[in-house]
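Student: Predicted model and sequence follow; I will ask about them next.
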Amino acid sequence: MKTVNFYLRPDCQLCEEGLLTLKLVQEDYAFELTVINIEENEALHEKYMLMIPVVTCDEQILQYGQLDYVTLFEALHE
């Protein structure tokens, strides 16, 4: 089973919407989801602060910013 990382920051409306989208994808394609707060790690904060939310799998960025179901589903299904 794939592990998907979801990078976010607290009080981020786009992140909350992105997490809901990712959970919808998870209902149709099983994967383990790890939610990571970038504000708890300085290196991650510096790397992703302008991109959040960010979805990665196998160290590849699948999508960031405005997330959509189709793009995420297809990227995970490959």
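Tutor: Done, it's in.
Student: elements contacting the longest helix that the chain contains?
Tutor: When the chain is parsed with DSSP state H, its longest helix is helix 13-28. Using 3 or more C-beta pairs under 8 Å, 6 or more residues apart in numbering; DSSP states H and E as the contact test, the elements touching helix 13-28 are strand 3-8, strand 32-37, helix 69-77. Glycine gets a C-beta too; all of them are placed from N, C-alpha and C.
Student: So which of those is nearest L50?
Tutor: Nearest to L50 among the helices and strands packed on helix 13-28 is strand 3-8 (11.8 Å), distances taken as C-beta to C-beta.
Student: And that closest one, what does it pack against?
Tutor: Secondary-structure packing of strand 3-8 (3+ C-beta pairs under 8 Å, 6+ apart): helix 13-28, strand 32-37, strand 54-57.
Student: That one versus helix 69-77: what angle between them?
Tutor: Orientation check (axes from the mean of the first three to the mean of the last three C-alpha atoms, to 10 degrees): strand 3-8 against helix 69-77 gives 140 degrees.
Student: tally of neighbours for V55?
Tutor: V55 has 25 neighbouring residues, counting by other C-beta atoms under 10 Å.
Student: residues touching it, list them.
Tutor: For V55, the contacting residues are V4, N5, F6, Y7, G18, L22, I61, L62, Q63, Y64, L67, L72, by C-beta atoms under 8 Å, 6 or more residues apart in numbering.
Student: pretty sure the second one is touching T56, no?
Tutor: Yes - judged on C-beta atoms under 8 Å, N5 makes contact with T56 at a distance of 4.7 Å.
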